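S.K.: here is a sequence together with a model predicted from it:
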Amino acid sequence: MEIDTAFSDAESDNEVRVIVIQGAGGKSFAAGADIQQLHDREALEALIPGMQGLYSKIESCSKVTIAAVTGYALGGGCELALACDIRIATKKAKFGLPELNLGIIPGAGGTQRLSRIVGKGRALDMILTGKMIDGEQAERIGLITYLTDEEGLEETVKKVAADVMKKGPVAIQLVKLAIHKGYDVDSGTAMWIEKLSQAVVFSTEDKKEGTLAFLEKRNANFINR
């Protein structure tokens, strides 16, 4: 799968700090599943990692991921956006999980990520009705992080990416870990995940550089260790 290979290459490149996922041509963000393949698929095939495994890989990536959405993000395309850390969309973007129309359910993490991002009630409504929502509605319910006009999408992505790249890369990895791993455990355990992550950060050269740069009123020069 091309996206898996491209993602692995970006993940292993130390020069890459932010990974932006964007559709080509502007008509859609990412195409959903091949319906003929779904029709032919047997029950046990649903148990292989497939797209769910790939999107979990994207979610747990050590780099910051940004979904830049214009056009349609339906089914697997919507689930791909949900797996990213930050979602930026145009007003003309269309989000939806219409799988129930085919007699199946979202199977690439959509039932879980959507409910965690927008709440269980809104997730049930979107999935049960199969409705499509535009960028403005998506921003209103918290599905996307930034809303922009089509002309401003690239500029918004660049600005957000630039803001992220000013931050300590080790701290970025650990704050993602703390949020994702801490979300589904009890608060006491989550606090310990946060505390242990902080302890790791305190041992890094980047922590010394970041605090010194603040005291010296200059930009930090992080070295990812």
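M.R.: Thanks, I have it.

S.K.: can you report phi and psi for the most centrally placed residue in the chain?
M.R.: Nearest to the mean C-alpha position of the chain, by Cα atoms, centre = their mean, lies residue 84 at 0.8 Å. Torsion angles at residue 84 (phi, psi; degrees, to the nearest 10) stand at phi -80, psi 160.

S.K.: and residue 7, by the same measure?
M.R.: phi -70, psi -40.

S.K.: spatially nearest residue to it (excluding sequence neighbours)?
M.R.: Leaving aside its sequence neighbours, residue 7 sits nearest to residue 58 (Cβ to Cβ, 6 or more residues apart in numbering; 6.4 Å). Where you see a C-beta, it was placed from the backbone N, CA and C, and this is true even at glycine.

S.K.: the one you found - how many residues pack around it?
M.R.: Residue 58 has 23 neighbouring residues, counting by other Cβ atoms under 10 Å.

S.K.: how about residue 62?
M.R.: The local packing of residue 62 (other Cβ under 10 Å) involves 13 other residues.

S.K.: ok, it touching residue 11?
M.R.: Yes: counting by Cβ atoms under 8 Å, residue 11 is a contact partner of residue 62 at 6.8 Å.

S.K.: how about the contacts made by the residue nearest to residue 7?
M.R.: When contacts are counted by Cβ atoms under 8 Å, 6 or more residues apart in numbering, residue 58 touches 7, 21, 65, 80, 83-84.

S.K.: just the buried residues of the helix or strand harbouring it, please?
M.R.: Under the criterion of DSSP states H and E, residue 58 resides in helix 50-59. The neighbour-count check on helix 50-59 (16 or more other Cβ atoms under 10 Å) flags 50-52, 54-56, 58-59 as buried.

S.K.: skipping adjacent residues, who's closest to residue 55 in space?
M.R.: residue 83 (4.0 Å).

S.K.: what is the neighbour count of the one you found?
M.R.: Residue 83: 25 neighbours (other Cβ under 10 Å).

S.K.: sorry, back to before: touching, the residue nearest to the centre of the chain and residue 63? I think so.
M.R.: No: counting by Cβ under 8 Å, residue 63 is not a contact partner of residue 84; they are 10.8 Å apart.

S.K.: shared neighbours of the two, anything?
M.R.: What both residue 84 and residue 63 touch, as defined by Cβ under 8 Å, 6+ apart, is an empty set.

S.K.: state the distance from residue 132 to residue 3.
M.R.: Separation of residue 132 from residue 3 (Cβ to Cβ, to the nearest Å) stands at 23 Å.

S.K.: sounds good, over and out.
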